[in-house]
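A.B. asks: Starting from these lines, generate the structure:
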Amino acid sequence: MSTEPASETQWREPDPPGSGVIPCVEAPAIPRETQLELLQLGLLQRLTEDRAMLLYRQGRIPGSYYTGRGQEAVGAAAGLCLGPDDVVAPLNRELSCHFARGVTVADVFRNFLARATGPTRGRDGNMHFGMPARGVFPLVSMLGVLCPVSVGAALAFKRRGEPRVALTFWGDGAMCTGDVHEGMNLAGVLDVPAVFVIQNNQYAYSTPTGREMVNTNIAERIEGGWSIPCQRVDGTDAIAAYAAIGEAVRRARDGDGPHAVEAFSLRMHGHAAHDDASYVPSELLDHFANRRDPIKRLRKRLELDGVPQSELDELHARVSDEVAEGLAEAERAPPADPDTIQDGVYAMPPSHA
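C.D. replies: This next block holds a predicted model:
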């Protein structure tokens with residue numbers, strides 16, 4: 001594992017003077033209700049994941065646990081930008097996008113606690129789940145492979161003449177995989193209504209971006225390699241992310257072909273629950289935690305725009321109650337029946353093995 005710090009060539013919005021939380025950008029054109037919903041979705045992910053980490057450390061989650069701490073804003077923004085008939089393929093750090101599509105806290109905990117009524121009927125105990133009825137494709141661990149899958153969905157929409165969009169995510173690490181290159185090339189050639197959101201969190205597991213690619217300007221690579229428009233955005237700013245992803249979705253839906261957004265942030269936990277992220281410089285973590293935490297930034301903007309602290313505290317309390325109630329509902333659900341262990345398992349006939 002590489003232990004070198006992230007490349008100094010990495011892009012981010014310049015920090016204003018001072019040492020406090022940097023508020024999100026001013027956006028009077030974005031309704032206050034939308035900004036509050038972005039905060040609610042980000043908090044829902046943060047508090048759900050905090051509770052799940054406790055369950056993992058108690059040995060109650062049979063798999064591992066991957067958090068998106070520091071990246072909640074992008075998933076929330078993307079989820080709110082999509083229409084009800086669009087489809088999305090989130091990865092392991094976009095829980096807020098699941099929530100935006102109508103997946104509940106109880107759904108999430110039922111899956112992690114391996115309950116029979118969970119999305120995978122007790123088969124997973126991890127984040128490999130989706131809800132096709134809500135337009136959410138299941139996650140596949142080989143990150144990047146959902147790029148061509150999403151392109152296939154977008155191609156179907158185009159061939160049917162449907163004004164629908166397929167959106168998926170990947171990170172800076174998956175940007176270096178063959179599936180992403182093939183999928184983006186196909187998207188460009190076929191001019192499909194696909195939107196790609198790249199969560200550049202500076203580390204592919206423990207490898208800093210400057211050690212995994214020569215040109216760390218992902219947007220430049222996408223535009224130069226596949227002629228797909230790509231906007232760089234501060235991924236810790238929920239309002240900026242919402243505006244950028246919303247524009248990409250609108251253009252794709254209007255027949256302007258595929259679009260991409262590179263959202264820059266920092267994964268403020270390790271790759272998974274077992275990883276202490278000791279390879280990330282402490283000053284980098286401290287900077288993002290103190291100045292660029294996406295939830296603190298959005299709350300700060302709302303406060304500056306006149307939302308009373310009491311209203312924001314009440315929102316936090318409602319989300320906390322929702323998480324507690326969702327966990328309690330999941331805990332009441334029955335565990336998977338061992339007698340059903342072979343249900344849904346497929347194998348090649350002996351003659352073809």
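A.B. asks: Point out the other elements, helices or strands, that the longest helix anywhere in the chain touches.
C.D. replies: Longest helix in the chain, counting residues (DSSP state H): helix 32-57. Helix 32-57 sits against helix 72-81, helix 95-100, helix 105-112, helix 238-253, helix 294-304, helix 309-332, with contacts defined as 3 or more Cβ pairs under 8 Å, 6 or more residues apart in numbering; DSSP states H and E. All C-beta atoms are positioned from the backbone trio N, CA, C, and that covers glycine.
A.B. asks: Helix, strand, or coil at Val195?
C.D. replies: Here Val195 is strand, with the state taken from DSSP: H, G, I helix; E, B strand; the rest coil.
A.B. asks: Give me the pLDDT value at the residue nearest to it when sequence neighbours are not counted.
C.D. replies: With Cβ to Cβ, 6 or more residues apart in numbering as the criterion, Val195 has its nearest non-adjacent residue at 4.3 Å, and that residue is Leu167. At Leu167, the pLDDT value in this model is 98.
A.B. asks: residues in contact with Leu167?
C.D. replies: Going by Cβ atoms under 8 Å, 6 or more residues apart in numbering, Leu167 touches Ala78, Leu82, Asp86, Val87, Val88, Ala89, Ser150, Ala194, Val195, Phe196, Val197, Val249.
A.B. asks: Quickly name whichever of the residues you listed is closest to Met142.
C.D. replies: Using Cβ to Cβ, Ala89 is the member of the contacts of Leu167 that lies nearest Met142, at 12.7 Å.
A.B. asks: what about the closest one, neighbour count?
C.D. replies: 24 (other Cβ atoms under 10 Å).
A.B. asks: Bridging across strands, which residues link to it?
C.D. replies: Thr168 (DSSP bridges).
A.B. asks: how near is it to Ala78?
C.D. replies: The gap separating Ala89 from Ala78 is 11 Å, by Cβ to Cβ, to the nearest Å.
A.B. asks: Now for these two: what residues contact both?
C.D. replies: Counting by Cβ under 8 Å, 6+ apart, the residues touching both Ala89 and Ala78 are Leu167, Phe169.
A.B. asks: that older thread, kindly reformat the contacts of Leu167 as TSV containing pLDDT.
C.D. replies: Below are those laid out as TSV (pLDDT from 0 to 100):
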residue	pLDDT
Ala78	98
Leu82	98
Asp86	98
Val87	98
Val88	98
Ala89	97
Ser150	97
Ala194	98
Val195	98
Phe196	98
Val197	98
Val249	98
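A.B. asks: I'd like those laid out as CSV, including distance to Gly210.
C.D. replies: Below are the contacts of Leu167 laid out as CSV (distance: Cβ to Cβ, whole Å):
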residue, distance to Gly210
Ala78, 26
Leu82, 33
Asp86, 34
Val87, 34
Val88, 30
Ala89, 28
Ser150, 28
Ala194, 28
Val195, 27
Phe196, 22
Val197, 22
Val249, 31
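A.B. asks: Which residue, neighbours along the chain excluded, lies closest to the residue at minimal distance from the centre of the chain?
C.D. replies: The centroid of the chain falls nearest to Glu94 when counting by Cα atoms, centre = their mean (2.3 Å). Closest residue to Glu94 apart from its sequence neighbours, by Cβ to Cβ, 6+ apart: Gly75 at 3.4 Å.
A.B. asks: Stretch 242-262: end-to-end distance?
C.D. replies: Taking Cα to Cα, to the nearest Å, stretch 242-262 runs 12 Å from one end to the other.
A.B. asks: try stretch 300-311
C.D. replies: The stretch stretch 300-311 measures 13 Å between its terminal residues, going by Cα to Cα.
A.B. asks: can you list contacts of it?
C.D. replies: Here stretch 300-311 makes contact (Cβ under 8 Å, 6+ apart) with Val21, Ile22, Pro23, Cys24, Val25, Glu26, Arg32, Gln35, Leu36, Leu39, Ile239, Leu312.
A.B. asks: Just give me the neighbour total for the last one.
C.D. replies: Here the count is done by other Cβ under 10 Å, and Leu312 has 17 residues near it.
A.B. asks: Okay, the closest residue to it other than its chain neighbours and Leu36: tell me how far apart.
C.D. replies: Among residues not flanking Leu312 along the chain, Arg299 sits closest, at 5.8 Å (Cβ to Cβ, 6+ apart). Arg299 sits 10 Å away from Leu36, going by Cβ to Cβ.
A.B. asks: Check which residues of stretch 286-303 are buried.
C.D. replies: By neighbour count with 16 or more other Cβ atoms under 10 Å, stretch 286-303 contains the buried residues 288, 291-302.
A.B. asks: swap in stretch 322-336?
C.D. replies: For stretch 322-336, the neighbour count (16+ other Cβ under 10 Å) marks Glu322, Val323, Gly326, Leu327, Glu329, Ala330, Ala333, Ala336 as buried.
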